[in-house]
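# I would like to see how this sequence folds:
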Amino acid sequence: MKHQKIFRILTIAVVLPLLLMVIPSTPALAAPIINVSPASGAVGTMVTVTGVNFDSYKGDNIYIFSGSDEITTSPIVVPQTGSFSFSFNIPASAAPGRHWIRAKSELTTLALSTFTVIKNKIKLDTEAGEVGTEVTIDGEGFYADRVVTFFYDNRTRDMLGTIAATAIGEFSYSFTIPGSAAGKHKITAENAEGNSAEAEFEVIPLITLSPTSGAIGEVVTVSGTGFGSRSVVAVYFRYTEVAYAKTTGYGNFTVAFNVPALAPGTCDVKAQDGDENTDKTGFTIIAGASLDRTTGNVGMGLTVSGTGFIAGGTVTVKYDDATIVTIIADSKGAFAATFQVPISKYGDHTITASDGVNTKQLAFTIESEAPPIPALLLPAYTGEVEAKAHFDWRDVTDLSLPITYSLQVTSERDFTSIVLEKSGLTRSEYTLTEGEKLAAGKREAPYYWRVKAIDGAANESGWSAPWSFYVAAPPAPALLLPETGIKADAEVLFDWRDVTNLSPPITYHLQVASDKNFASIMLEETGLTRSEYTLAEEEKLAAVKKEAPYYWRVKAIDSAANESEWSMPGAFHVGFTMPGWVIYLLIGLGALLIGFLVFWLGRRTAYYQS
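Got it, this is the predicted structure:
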């Protein structure tokens, strides 16, 4: 076989030049070419090899080598098209650098191309900063499509996260620098295939203030990161040390201090540890004010104080929109003023201190607790009262003075129709005025009353449980004289029993009629203040028969104009009465007659004796 192969080769070597001389017009064939895509990448990258112009080797075996190693899919048979394409993965053993990809026949290399294996490495987009800085890691040369894990070398080896490399072994991963002490820290990227790369990030100190501006005496919190591990940090306000703290193992600390008494303006706040890790920032001293308490009640004493105002300036203090007090600031711009909280509604209010240049507003909250419900005293439950009723209830106490009361009176239990309403009452009692007198009614249809309390902060109690009462009309008078059925003098004396009532004084209304229905009134008297009445001479009644008497009746009226029922009518008649001059004439005639008889009898007696 070996001799046959040698013979075949020699035959080709001899015949080929002769053919070229005999057929000089035959066109020359293009040289075989191979292309590699991609041309670079990490180990594990899938590479596609494309071959063209292999027409002279149709059906022949072509051997493919990566460097000195034949790939696993080699050899390939050249198809009738003279072109081919196949893929393979760059082996893990491939060292970083350029590798030749060769297509060979059994005798010689037919075509060449290259593939560059990228060395694994990482790069940070920023290499220094404070804790919390966002950093992006860009990497290449890691095993294609495999998971890459990231670590941050703090006090411990903290795993940051993972990401899969691309098909050519590249990646980009972002993270935030965790709490860590000042100095350089190693960032590592590695995978399970043994690829690893490192980079360094330097943590620098940082302090922050909360707030960044304020008044003298206010509390400021300074927080630091990126200082030395377990180191003592001193905090300076301008040149004065105002606080110190010890950092954690990760270089963090938090400490508070009070703004020192300095002139308004911006001052440096600096923090420095024993290893001279330092950072500083600015704090602005401004005018400030405060209240000695932020909640309270109407009438309480409240003190507002301030600093950083104009030295010797006039400070005006307002409660909402009303000026409460003015005061002169001292030579350092400080002041303090005390005032009583004015009557104002419950809830939030604004206290403003201003010198015309500096203005500070403070929140103060009025308590919102309702006062107790008043306890009713008078009128007693279901009791009788006079028309000008007097209402009384127990005093209510509350922190927010003064207390006022609202009173309601109604004729309906559900208070849908209010007969009387009084609000803003400053005393725990009220007596109806002349114009507010209540009409009389029956016990079965009483009035109802209730009260509620309102404090100086407009907090309202609930309504008291309603009590009922009634206003009684005067009783009908009982008739005394003239008695029913008797004959009376023409100048009749009318008499009846006194009427008592809760709404004095009582007056009386007298009527005399010639009929039982009082359709024909013979005499009518109103406003009588006594329980009797005698007819005057000019009021004398004419004589009537007993069978057709006069009728009389009386009713009582109290001071509220409440009227009693008419009394049951009485009846009487008046006999005939001679005029006075006739009576006197008859008396005179009688006296003359008696005198004459006496004279006559005397003379006769004397005659017979003689």
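
# Which residues are in contact with residue 230?
246-249 (CB atoms under 8 Å, 6 or more residues apart in numbering). Where C-beta positions appear, they are placed from N, C-alpha and C, glycine not excepted.

# Now rank these by neighbours and give me the top one.
Greatest neighbour count in the contacts of residue 230, by other CB atoms under 10 Å, goes to residue 247: 24 neighbours.

# following the least confident helix or strand in the chain by mean pLDDT, which helix or strand comes up?
When the helices and strands of the chain are compared on mean pLDDT, DSSP states H and E, helix 2-22 comes out lowest with a mean of 42. As assigned by DSSP states H and E, the chain's next helix or strand after helix 2-22 is strand 33-37.

# Relative to the whole chain's centre, how far out is the very next helix or strand once past that next one?
Counting by DSSP H and E, the next helix or strand C-terminal to strand 33-37 is strand 40-41. How far strand 40-41 lies from its chain's middle: 64 Å, per CA atoms, centre = their mean, to the nearest Å.

# Next: stretch 530-537.
The chain centre lies 77 Å from the centre of stretch 530-537; the measure is CA atoms, centre = their mean.

# List the contacts of that stretch.
So stretch 530-537 is contacted by 477, 490-499, 508, 510, 523, 525, 541 (CB under 8 Å, 6+ apart).

# let's see it at 7 Å
Stretch 530-537 is contacted by residues 477, 491-498, 508, 510, 525, 541 when judged by CB atoms under 7 Å, 6 or more residues apart in numbering.

# Return the closest of those residues with respect to residue 394.
Nearest to residue 394 out of these is residue 498 (CB to CB; 37.1 Å).

# Now do the contacts for that closest one.
When contacts are counted by CB under 7 Å, 6+ apart, residue 498 touches residue 531.

# just the one 4 residues further on next, same as before
Taking CB under 7 Å, 6+ apart as the criterion, residue 502 is in contact with 384-386.

# Just the buried ones from these?
Buried members of the contacts of residue 502, scored by 16 or more other CB atoms under 10 Å, are 385-386.

# any chance of the contacts of residue 502 in JSON lines, plus secondary structure and pLDDT?
Below are those laid out as JSON lines (DSSP: H, G, I helix; E, B strand; the rest coil; pLDDT from 0 to 100):
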{"residue": "384", "secondary structure": "strand", "pLDDT": "90"}
{"residue": "385", "secondary structure": "strand", "pLDDT": "90"}
{"residue": "386", "secondary structure": "coil", "pLDDT": "87"}
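
# What segments of this protein are helices?
Under the criterion DSSP state H, the chain carries helices at the ranges 2-22, 580-609.

# Averaged pLDDT, the longest one. What do you get?
Right, helix 580-609. Averaged across helix 580-609, the pLDDT comes to 67.

# and for stretch 380-399, what are the contacting residues?
Residues outside stretch 380-399 that contact it (CB under 7 Å, 6+ apart) are 297, 367, 371-372, 374-379, 403, 407, 428-432, 437-438, 446, 449, 451, 453, 455, 467-472, 502-503, 558-560, 562.

# what about burial for these, which qualify?
When the contacts of stretch 380-399 are checked for burial by 16+ other CB under 10 Å, the buried set is 297, 367, 371, 374, 376, 378-379, 403, 407, 428, 430, 432, 437-438, 446, 449, 451, 453, 455, 467-472, 502-503, 558-560, 562.

# Return the residues in contact with residue 37.
Listed by CB under 7 Å, 6+ apart, the contact set of residue 37 reads residue 48.

# go again using 10 Å as the cut-off
Residue 37 makes contact with 46-50, 85, 87, 113, 115 under the criterion CB atoms under 10 Å, 6 or more residues apart in numbering.

# got it, and residue 292?
Residue 292 neighbours (CB under 10 Å, 6+ apart): 301-305, 336, 338.

# what would those residues look like in a markdown table with distance to residue 254, pLDDT and neighbour count?
Shown next, in a markdown table, are the contacts of residue 292 (distance: CB to CB, whole Å; pLDDT from 0 to 100; neighbours: other CB atoms under 10 Å):
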| residue | distance to residue 254 | pLDDT | neighbour count |
| --- | --- | --- | --- |
| 301 | 37 | 95 | 11 |
| 302 | 33 | 96 | 19 |
| 303 | 31 | 97 | 12 |
| 304 | 31 | 96 | 25 |
| 305 | 28 | 92 | 17 |
| 336 | 32 | 94 | 16 |
| 338 | 36 | 96 | 13 |
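
# Filter the residues you listed down to the ones in strands?
Applying DSSP state E to the contacts of residue 292, the entries found in strands are 301-305, 336, 338.

# Closest one to residue 600 out of these, please.
Proximity of the ones in strands among the contacts of residue 292 to residue 600, judged by CB to CB, is greatest for residue 301, which lies at 117.2 Å.
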